[in-house]
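Student: Sequence first, predicted model second:
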Amino acid sequence: MISKSSSVSLGLVVAAGALLIAGCNKSGGGGGSGGGTQAKAKTVAVDTAGDIDAVANPNAVPGGTLNLWGGPAAKTLNAYLDYNFFTKELFGLMFDGLAGLSPTENKAVGILAESWSTSADGMTYTFKLDPRAKWSDGKPITAEDVQYFYDVIMNPKNLTSLFRVGLDRFTRPVVVDSLTVSITAKEKHWMNFWEASGLSPLPKHVLEGKDFNEVNWEFPVVSGPYALDEVKKERSVSVKRRADYWGFAKQFNQHKYNFEHIRWKFMDDPLKVLESLKKGDVDMYPITRANIWANNTDFDQVKKGLIAKQMVYNKYPMSFRGYVFNLRRPLFADVRLRQAMAYLANRKLMNDKLLFNLNTLLNTYFADLYPGNRNPDKELIEYNPEKARALLAEIGYKPGPDGILAKDGKKLEITISLHSFVDLRPVNVYLEDLKKVGISAKIDQMSWSTWLKRMDNYEFDIGWAAWGASRLRDPESMWHSRTADQPSSNNVAGVKDKTVDSLINLQKTEMDMEKRNAILKQIDNRLIDIMPYILMWDQDSRWVLYWNKFGTPKTVYDKFSDEDCITTYWSADPAKEKALAEAQKSGGSLPVPPLKVLYGE
């Protein structure tokens, strides 16, 4: 299964290495399809021993269909070519990794690997595959498939550079025998085991000889609990549960991956998604826009308890949203300009008046490292146009006859690049405040795919970015100089800073998490000083609407996840479905679920 270890998807609160989170997530024109030839279904005998997933609902039974929003239309289904919340989830259901991170503890859980060992020097990891592990066509999953995964990702001709950041620390895996593979690190790093355990075998017997950059819509052989069922380009993708999935024998997978079918429907407009939910075309809607949550979620079906409205408070790592500067452009070389623009962001007004005070204002890139999500060593920058004017004057900017600031005959003109999901109201407030001091600023809002392409190619002045986070924070892919000019890098800002580099290098060999977090705080302080982003805000809970007909864990999500875990842990509930249908037919109500769900209570 595929997930990523540092900050995740740009632009969606939905990042190098193929790290598996064991509890969660683990065609072409005319409607391509996948799934291919499946081995004959059979009853799987469940192991009597092994790890148990405490999050899984013991009352869950297989069956039913789950309809989800898949975001904008996918340009590929291959998560290694286009990593976003949809492809991550899809590949996580179709392909297993060697081992992953427990959903409740910071320990490894075996998936394809039945055991592993580490050499005395801590540099070589040897994994023994479960001999029962089979591809969906019945062929065994072998050590060669693990090696082949490495070869595909590390091939410079493939558009997989994001995943090479972590794997580049390793030599090519060695096939010891058909079920045993070893991989050796070139350098010490606390993430090495997690990178190695996240190796996700690809079917060599199917893909060898093909151009991986063209493997987009058909995946006829898979290793995970689901296989592709139907692909309707620009419209939807569905998967079907594999009754013959060997992994259902593992204790850890009991009462999980319950839906017979999962279908994602593609839509660009968040408000259209809401209307689709009301009509029953999608079953749940994770909301990230405060104005939609505050203004559009108290409709009749919610008031009657037919649709649940909940704010889930768990240990999901906080990240950040804000405006990213393209530091590759000479315009932003002077930190004082970036500071001035930060003083012109009236965040408190935006949050209070437009976002209903639902977001946490940030002065840190690693909010949950600190009590109250606030870095005590740094100011929470407040709106101060006078300070902004003073900084701009100090740089040498002076107003011209038209009121626009200029320096050396060049006007201070900036374009803010946005995708179609962004709420324009706070952006327009910011735009007006920029113009008041003489900065000529304009918005360029475009489709998600166009915006992502420009961000990947660093064709922007300033962009809006919303990042996710992970329990295992590895800052290298996002902040190290060596990633600044790599195509499609997480280092969107283009940060190249010797102090940041040295701190990142220092934390690589620190095995103690508490000490690593202390180094992360130093990195945080330096990033705040050099200001690659104007930090804005993030949510301290996950907001979700869903039809009140599902079986869920007690806490709706698991300890560390957001809506990603729904495909893993939720299930159809015939009794709830019947009660909902009766209430809809009679015009009646159901018990309204609690608004707030607190993990551990």
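Tutor: That came through, no problem. Numbering: from 1, shown residues only.

Student: Next up, the contacts around the closest residue to Ala583 other than its chain neighbours.
Tutor: Excluding the flanking residues, the one nearest Ala583 by Cβ to Cβ, 6 or more residues apart in numbering is Leu590, at 5.3 Å. For the C-beta atoms, the positions are set from N, CA and C on the backbone; glycine is no exception. For Leu590, the contacting residues are Lys304, Gly305, Leu306, Asn548, Ala579, Leu580, Ala583, by Cβ atoms under 8 Å, 6 or more residues apart in numbering.

Student: burial of the second one, as a residue count?
Tutor: Pointing back at Gly305 there. 18 (other Cβ atoms under 10 Å).

Student: May I ask which two of the contacts of Leu590 are separated the most?
Tutor: Lys304 and Ala579 (12.0 Å; Cβ to Cβ).

Student: For Lys410, give its distance to Leu331.
Tutor: 9 Å (Cβ to Cβ, to the nearest Å).

Student: These two: which has the busier surroundings?
Tutor: Set side by side, Lys410 and Leu331 show more neighbours around Leu331, with 15 against 10, by other Cβ under 10 Å.

Student: Would you agree Met311 falls within a strand?
Tutor: Yes - counting by DSSP: H, G, I helix; E, B strand; the rest coil, Met311 is found in a strand.

Student: burial measure for it, as a count.
Tutor: Neighbours around Met311, by other Cβ under 10 Å: 19.

Student: Tell me the spacing between it and Tyr557.
Tutor: Met311 is 11 Å from Tyr557, by Cβ to Cβ.

Student: Kindly report the same for Lys315.
Tutor: For Lys315 relative to Tyr557 (Cβ to Cβ), the value is 10 Å.

Student: and what of His261?
Tutor: 22 Å.

Student: Please identify which of those two sits among more neighbours.
Tutor: Neighbour totals were compared for His261 and Tyr557, and Tyr557 leads with 28 against 16 (other Cβ under 10 Å).

Student: I'd guessed Val335 sits against Ile528; true?
Tutor: No - in terms of Cβ atoms under 8 Å, Val335 does not count as a neighbour of Ile528; the distance is 11.0 Å.

Student: Neighbour count for those two, which is higher?
Tutor: Higher neighbour count among Val335 and Ile528: Ile528, with 19 against 16, using other Cβ under 10 Å.

Student: how close does that one get to Met318?
Tutor: 16 Å.

Student: shared neighbours of Lys315 and Tyr557, which are they?
Tutor: Tyr599.

Student: can you give me the helices in the stretch 201-350 of the chain?
Tutor: Secondary structure of the stretch 201-350 of the chain by DSSP state H, counting those that start in this stretch: the helices cover 204-207, 270-279, 290-295, 300-303, 335-343, 347-349.

Student: mind checking how far whichever helix or strand comes after the shortest one is from the chain centre?
Tutor: Right, helix 347-349. Heading C-terminal from helix 347-349, the first helix or strand you meet, by DSSP states H and E, is strand 360-361. Distance of strand 360-361 from its chain centroid, counting by Cα atoms, centre = their mean, to the nearest Å, is 20 Å.

Student: Strand 360-361 pairs with which strands, and in what direction?
Tutor: Here strand 360-361 is paired, per DSSP bridges, with strand 533-538 (antiparallel).

Student: The partner strand versus helix 335-343: what angle between them?
Tutor: With axes from the mean of the first three to the mean of the last three Cα atoms, to 10 degrees defining the directions, strand 533-538 sits at 20 degrees from helix 335-343.

Student: How far does strand 533-538 sit from its chain's centre?
Tutor: Chain-centre distance of strand 533-538: 18 Å, with Cα atoms, centre = their mean.

Student: which residues sit against that strand?
Tutor: Here strand 533-538 makes contact (Cβ under 8 Å, 6+ apart) with 318-325, 338, 341-342, 345, 347, 351, 355, 359-365, 367, 381, 465, 493, 528.
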